[in-house]
Structure formats: structure tokens, C-alpha cells
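Asker: give the three-dimensional model of this entry:
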Amino acid sequence: MFPTVAEVLELDVLRRGSPQVVAGSGGLQRPVRWVHISELADIAGMLHGGELVLTTGVMLPDDKESLARYIDGLADVGAAGLVVELGRRYADVLPRPLVRAAERRGLPLVALRTEVRFVAVTEAVHAHVVDAQLTELRASEAVHQTFNELSVEGAEPDEVVREVARMAGAPVVLENLSHQVLAFDPAGHDPEALLDGWERRSRGVHPSGRTGHDPRTGWLVTAVGARGRDWGRLVIVGEPAPVAGPEPGERPHRHSVLLERGAATLALNRLLERDRESLERQTHRTLLSGILTHALTVSDVALRARALGVPLEGRRLVGVMLRLRGGPASAALEAQARLRDFTETAAQAVRERGLTALTGTLDDGGVGVLVSLGPSDHEHTALEEFAAALTRLTEPAPDGGPAFVMAAGSSVGSLRDARRTLLEAAQVADAAMHGGRNEGGRAQPSEKRVPAGGGRAYYRLPDVRLRGLLHLLRDDARLQTYVERELGPLLTYDAEHGTDLVRILTVYLDAGRNKSAAADAAHLSRPSFYDRLHRVERVLGIDLDQVESCLSLHVALLALDAVRR
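Answerer: Numbering: from 1, shown residues only. Model (predicted):
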């Protein structure tokens, strides 16, 4: 990287001049981008910032106002420092107005007591600068090559984060918009110390741009997203202040390119489909994806599906989502293989029951099925028999229960509405699997759909409620933005002041806005509880007597719980 003023003064060519720092010693760590020799008093207009100016002072003015303006001009343009050789204009000491002005502006001012060859200084410093630039160029080339390879290979987030941490030599964390950790690499540091209180610490870091360095925490942060939609942040933790600019923070941090390439790779790989399926499954998945994303027109889907032997026109369509249970696999490849095998098993169950359906993976953990029913087919019977066949063909989960969760959307009579039933099935499946709670318990399928023996056949929309809906939306940037908009100021206030106002608000709303009951539930005296409620109102700028405000806050609190879980 660029040498600092202090490092330049240690060069042999300058040490022979017996340099003495007479002002602005606090700026000695400024980087020197170039060396400029000039005797002009109006040299500032010819500089770009980061230059170390060498002069004998023969053309400098005599009056203190002009000397102050000279220093101000150098400081304003971002000069790294000023070196004045004594002997030609100034015999033994520099003018006090010059020294005072440099000290006031924090500009390093150095007096050379012995004559040196200025051209030798420029040669030495410029050689150092060029070597640093060449080193930086090589490092940048290595970064681009590494992340190009990771992009082509479709690397998992953990792999990308690990590579950023290795090249930066510092811990790296990938978080979502709610400051929840998605992946991290401690780079040899204590993982518990790295992640302790992460949300609270992360909320206090607000870079000014898309990529920014926070000198207070030493964090370098960049946004992660694609197509205009950010979904997280990538953070290098504990890095020193920028070392490549005339003033801290004015020029990019030395790891900015590394961090931004890592973020770009994460964003790109999230857009890529990496399943290796059979040709038939790929075709089915393409049609299902085309329905969900509108990438294919209704006529295109109908034509291609009919060619596959799956007629969709003039029939009742039911979307089904299958989610694997039992927790994630230990490795990405193992998880893909497990999902691929499960997709083929689902297709086998479809064939075994004589159903007509499109079957293919829809995301990293789910298989979508669009069942096409004829006039004589009974919907509930078809779905129940499909669930039974699939249960028989799959091994139980580690806890002894079914290996999958099955959810069905409402049946529709037109291919134009197929997207709605598929999305509804996906929502119900996610909610039933993770977040759908009813009166303190997990969502239960309707009794008429529970097969003999108490096993669950499949879920439908009435079986899940608001908590389930919010859980399935927990990774949606829009929901996280909603939570931040509604509760961000209160979460930040708690983090900065060590208070528990979020808990107080939760207790109050859970008590049905009954202040007396809420105070008892919070184990606080009523005056103390009322005082904290008033503080909540001040921080959020709302009136808790307004039903709509409380409803919005209650939904945001449920969403926050879903995001954190």
C-alpha cells in the first residue's frame, strides 16, 4: 500500500537531511500518494490530494496571513504534508505563523536541517508507490480470479464467506436485513466472541454508502443483493482504518474490492439454479418455475405440458408442496442429493397412484406438484392416496415421524390460476413446518384429513394462522424492512441504553392492551410500567391508544419473533 509520511521520513535519502517534525505530528500516518517539488506559493491548485510537497521556501510570502493561506490551501486539497529545507530562505527555524497554521490544520510540517537532493527523494518515494500499486494490482487480479471461479462453480455462501475471510485475514459475517447471521467464518478467532450480541452491535453500524468503513468498530460493510433488491450485508470485522486516502474514510478501504466481489458472488449464486436432475425432472421444474415467475405464457405451459403427457387445460388443478423434515444435511452436496432423490420418489408416488401431475423442485428444500384432476377424480381422495404412497416410499424422519410435510392449495379451474394454488401450498407447507401455532400449539391438519392412526396426511390454509404466515415470509426483505420500520427505533434504543422496551411492548399487546394485567405479567408496579409505555410512545412517535397502531406493532413483533427463530 502507499507509504505513510512517517515511513517516508524513515527513508535513507530523507534521514540524511535530519528531518524534524515541527507541526501536525498527528497526521504522520497519512498515506503519501506522490511527491511534488514546487517553490510556488499557489501550488494547491495543481494538487489532487495525497501529495507530499517538497520546497526550500524561497517563493513563500513573508506576512503571516499569506503563510496561513498557503497552509490552508494544502490542507483543503488533502496534501499529505509539507517538507521545507532550511538554509536558503529560512536559516535555522521555520516562521512561527507557518508552524501555527500547520498545527491548526493538522498538516505534517517537516524541517530538513541538512540539504538533500529532492530528485532523489522523489525517485525513492515513487519507486515505493509504484511497487505498492503493482502489489495492489496483483492482489486485485487474484481476488477477481478467485471469485470468478467461485461464481462459475456456484459456490455455497459458506464457501464464499470462508474465502473472503481467508484473503482478508479477518472474521467475516453474512447477515440478513434484520441483522441475523446467515453465515460466518471466524478466521481463527473465537466464534462465540464474534457473534455475541451480534444484532445489537450490527444495528449500531451505519455506513454512509453501499460500501463503507466504520472507524469506531473497525467494520467494513457492504450491501448484498441483485436486481435492485438487497437482502443482506457482508461484514469484515475488526479491520483497521483506511490506509489509501489523504484523509481517513475519503478513499476506499484496502479490502473494499475484496468485500464487494464476495458480495457480488453471493448475490449471483443466489440467482443460479444448481440442481442436477433428470431431464424429465428438469422439464417439469422449468414448467412449474415458469408458472410461478410468469417466465412462460399460459399457452406455452399448456403446450409443453401436453407434450409431456400432463394435460392442464379444462381440468381442476391443485398445487402441492412437499417439505423434507429431519433438519439440514451435513453438506451442501448431500442436501442436494437428498432432495433430488426425494423428487424422484414423489414422481414415483404420482405414477403409482395413477395421477397426472407436474413434479419438480421449487427451491432448496421443497418439491412442488401440480396435480391435474379430471371430472371424475375426487380431490381429497387423490391427495390422501398420494400422501399415503409417498409415506410408504420414504424412510421415516430421525424422530420417527413422517419424512416430509405435505400441504395443498385451493383447487382452481384454470391454468391461469395455477400460480395461486402453488404459492398457497408453499405458504401453508412452510407455515405448518415451522411457524404455524394455534392457541399455543403447532398447527394441526383438519380432522377430516387425519388418516387412521393419528398421522398427518396434508395441511391446508385453515390449518395455519398468522404466526405461520409470518414465518414463511421471514426471509423476505419486505417483511424485514417492515419490522425495521415499525420497531427499528425501539430495538436501537434498547441496544444503546440497555433497556427492555421491546419486551414491555410485547407484554402490553399480549395482554390485550390491559395495562393493569400487563404490569402484573411484567412483574412491575403500575407507575413503573406506565412510565415505560410512555417511553415506548416517545421513541416510536406513536399513540398506543390507537388500535391500528397497536395492531401494526403486534404484527411487527410477531414477525420479529419469526425472523429471530
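Asker: next, V464: phi, psi?
Answerer: Main-chain dihedrals, V464, degrees, to the nearest 10: phi -120, psi 160.
Asker: that one against A432, yeah?
Answerer: Yes - V464 is within contact range of A432, at 5.5 Å (criterion: CB atoms under 8 Å). (C-beta placed from N, C-alpha, C; glycine too.)
Asker: return the distance of the top helix by length along the chain from the chain's centre.
Answerer: Counting residues, the longest helix found in the chain (DSSP state H) is helix 118-153. The chain centroid and the centroid of helix 118-153 are separated by 28 Å under CA atoms, centre = their mean, to the nearest Å.
Asker: what's the average pLDDT for that helix?
Answerer: The average pLDDT for helix 118-153 rounds to 78.
Asker: that one packs against which elements?
Answerer: helix 12-15, strand 34-37, strand 51-55, helix 157-168, helix 256-271 (3 or more CB pairs under 8 Å, 6 or more residues apart in numbering; DSSP states H and E).
Asker: now do the buried residues in whichever helix or strand comes after the last one.
Answerer: On the C-terminal side of helix 256-271, the nearest following helix or strand under DSSP states H and E is helix 279-293. Neighbour-count burial for helix 279-293 flags R281, T283, H284, R285, T286, L287, L288, S289, G290, I291, L292 (criterion: 16 or more other CB atoms under 10 Å).
Asker: contacts for helix 279-293, please.
Answerer: Helix 279-293 is contacted by residues 275, 277, 295-296, 300-301, 304-305, 308, 340, 343-344, 347, 358-362, 368, 370, 418-419, 422-423 when judged by CB atoms under 8 Å, 6 or more residues apart in numbering.
Asker: same question for stretch 501-512.
Answerer: With CB under 8 Å, 6+ apart, stretch 501-512 has contacts from 487, 490-491, 493-494, 515, 517-518, 521-522, 529, 532-533, 535-536, 539, 544, 550, 553-554, 557, 560.
Asker: tell me the residue in the chain that is farthest from the middle.
Answerer: A91 (59.2 Å; CA atoms, centre = their mean).
Asker: for that residue, which three-state class applies?
Answerer: coil (DSSP: H, G, I helix; E, B strand; the rest coil).
Asker: where does pLDDT dip in the stretch 451-565 of the chain?
Answerer: Scanning the stretch 451-565 of the chain for pLDDT under 70 picks out the ranges 451-456, 472, 565.
Asker: can you map out the helices along it?
Answerer: In the stretch 451-565 of the chain, the segments counted as helices under DSSP state H, counting those that start in this stretch are 466-472, 477-497, 501-510, 515-521, 526-540, 547-564.
Asker: just the buried residues of the fourth one, please?
Answerer: The reference is to helix 515-521. A518, A519.
Asker: alpha carbons of it, as PDB, please.
Answerer: The C-alpha coordinates for helix 515-521 follow below in PDB (Å, rounded to 0.1, in the frame of the first residue of the first chain):
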ATOM      1  CA  LYS A 515     -52.300  -2.100  31.400                       C
ATOM      2  CA  SER A 516     -53.000  -3.500  34.800                       C
ATOM      3  CA  ALA A 517     -52.800  -7.100  33.600                       C
ATOM      4  CA  ALA A 518     -49.700  -6.300  31.600                       C
ATOM      5  CA  ALA A 519     -48.000  -4.600  34.600                       C
ATOM      6  CA  ASP A 520     -48.600  -7.800  36.700                       C
ATOM      7  CA  ALA A 521     -47.300 -10.000  33.900                       C
END
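Asker: secondary structure class for D230?
Answerer: Under three-state DSSP, the three-state class of D230 is strand.
Asker: in TSV, list the helices and strands packed on helix 118-153 along with mean neighbour count and mean pLDDT.
Answerer: TSV is the format used below for those (neighbours: other CB atoms under 10 Å; pLDDT from 0 to 100):
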stretch	mean neighbour count	mean pLDDT
helix 12-15	14	86
strand 34-37	18	88
strand 51-55	23	92
helix 157-168	21	90
helix 256-271	21	84
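Asker: P396: how many residues sit nearby?
Answerer: Other residues near P396 number 12, with proximity taken as other CB atoms under 10 Å.
Asker: now do the same for it: its pLDDT.
Answerer: For P396, the model assigns a pLDDT of 83.
Asker: distance of the residue lying closest to it once chain neighbours are set aside from L393?
Answerer: Spatial nearest neighbour of P396, chain neighbours left out: A403 (6.0 Å); criterion: CB to CB, 6 or more residues apart in numbering. Distance, A403 to L393, by CB to CB, to the nearest Å: 10 Å.
Asker: E424 - that's part of a helix, no?
Answerer: Yes - secondary structure of E424 (three-state DSSP): part of a helix.
Asker: go ahead and confirm it touches D463.
Answerer: No - under the criterion of CB under 8 Å, E424 makes no contact with D463, lying 12.0 Å away.
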